[in-house]
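1. Predicted structure and sequence below. I'll ask about it afterward.
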Amino acid sequence: MDALLPAVASPAFDAFKGMLRRLAAAPPQVLLLEGGSAAQRREMALYWAMCCNCPQALTAGAPCLTCPTCRQLADGEHLDLAAYDGGISNREDAENPGQVRAFTMENVRLLRRRLRDAPHGPGRRVVLLMGLGQTRDEAANALLKALEEPLETTVFVLLAPQREQLLPTLVSRAFCLTLPWQPDTATEAALAPWEAALAVFLETGQGFLERAAAKGALDAAGADALLLACQKAMGRILAARPGPERPLDAAFAPLDAAARAAACRWFAEAQEALRYGVAPARVLEALAARLFVLRRQGRAA
């Protein structure tokens, strides 16, 4: 198991694997995996694909994790596995098409044609959908139409840090599982001053912008880690998980449901900006300013 899916080898994921094995007896057409890291969400989705396709799983309820089917699924190369990512641009997809395709109207159109055919094996076709947002464009509309058509041979898996980043119409069709955020003590200790500074800024409007603009303050990896800390804080609030409260938990707690959904979208947009090379300081300054205004508007309402 460690060799095939190392990101979810921790005992913290055993209960989720057990739930997926039980679900495989009558799979929901749409499964939503939120929480955890991007690697953990993807590997848990691949474990679900194994539950739906491994010959042993189809007869005994648990994938063997050693057969050719399990290995092909772990490598993303199985004929009954398809993956789409809204973060891949049309140009990237055209110039270097890989196992994961861009979430475009044309690709969704091709997928819908593919869904008319029976799977290649005795199990189910599994479609992974990553990097989707709340934009109701042509591709999203085409996907929603596909989800409205009952398909006994196909299951969809939505992957997102938080369900609030997705269209509510997608979430409403899904069976949702929230994976655990894995603690990283060293990283969290290094980020604590930044979390505290951002929390103070959201309350007072002071300090954070100057700190973020300082030369060499945070590189792209550090900024991404801070954004992940924001997502974790929002995840704890949305899940109402008890535990030691960190500064950002208190800063985000007063936001109402609509404001929290907007903040979740902004976290994802900021991470996307970092991936495209936008300066970390500019990304954090813009996010902090938007969050500050959001809190002020909530107080005025």
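-> Ah, there it is.
2. So what touches stretch 83-98?
-> Applying Cβ atoms under 8 Å, 6 or more residues apart in numbering, the contact partners of stretch 83-98 are 76, 99-104, 107-108, 111, 127-133, 272, 275. The way it works is simple: take the backbone N, C-alpha and C, and place the C-beta from them, glycine included.
3. for the stretch 1-150 of the chain, what spans make up the helices?
-> Under the criterion DSSP state H, counting those that start in this stretch, helices of the stretch 1-150 of the chain are mapped to 14-23, 38-53, 55-60, 68-74, 90-95, 105-115, 138-148.
4. Outline the domain layout of the chain.
-> Taking the TED database as the reference, the chain has its domains at 11-178, 185-298.
5. least reliable of those domains going by mean pLDDT?
-> With a mean of 88, domain 185-298 has the lowest mean pLDDT of the domains of the chain.
6. what separates it from the chain centre, distance-wise?
-> 17 Å (Cα atoms, centre = their mean, to the nearest Å).
7. looking at the helices of the stretch 1-150 of the chain, which is closest to Glu203?
-> Closest to Glu203 of the helices of the stretch 1-150 of the chain is helix 38-53 (Cβ to Cβ; 30.6 Å).
8. how about that closest one: buried residues?
-> Neighbour-count burial for helix 38-53, counted by 16 or more other Cβ atoms under 10 Å, picks out 40-53.
9. ok, so of those, who is nearest Ala160?
-> Proximity of those to Ala160 was ranked by Cβ to Cβ; the top entry is Arg41 with 7.8 Å.
10. residues contacting that closest one?
-> Neighbouring residues of Arg41 by Cβ under 8 Å, 6+ apart: 33-35, 130, 159-160, 179.
11. hang on, the earlier thing: comparing the helices of the stretch 1-150 of the chain, which stretch has the densest surroundings?
-> Among those, helix 38-53 has the highest mean neighbour count (mean count of other Cβ atoms under 10 Å), at a mean of 24.
12. ok, back up a step: identify, from the contacts of Arg41, the entry nearest to Ala286.
-> Ala160 (21.6 Å).
13. contacting residues for that closest one?
-> Counting by Cβ under 8 Å, 6+ apart, Ala160 makes contact with 32-34, 41, 130, 132, 166.
14. give me that answer again for 10 Å
-> 32-35, 38, 41, 129-133, 166, 170-171, 176, 264, 268 (Cβ atoms under 10 Å, 6 or more residues apart in numbering).
15. Of those, just the buried ones, PyMOL syntax please.
-> The buried residues among these can be selected in PyMOL (16+ other Cβ under 10 Å) with this line:
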select buried, resi 32+33+34+35+41+129+130+131+132+133+166+170+171+264+268
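16. So which of the contacts of Ala160 sit within strands?
-> When DSSP state E is applied, these are split such that 32-35, 129-130, 176 fall in strands.
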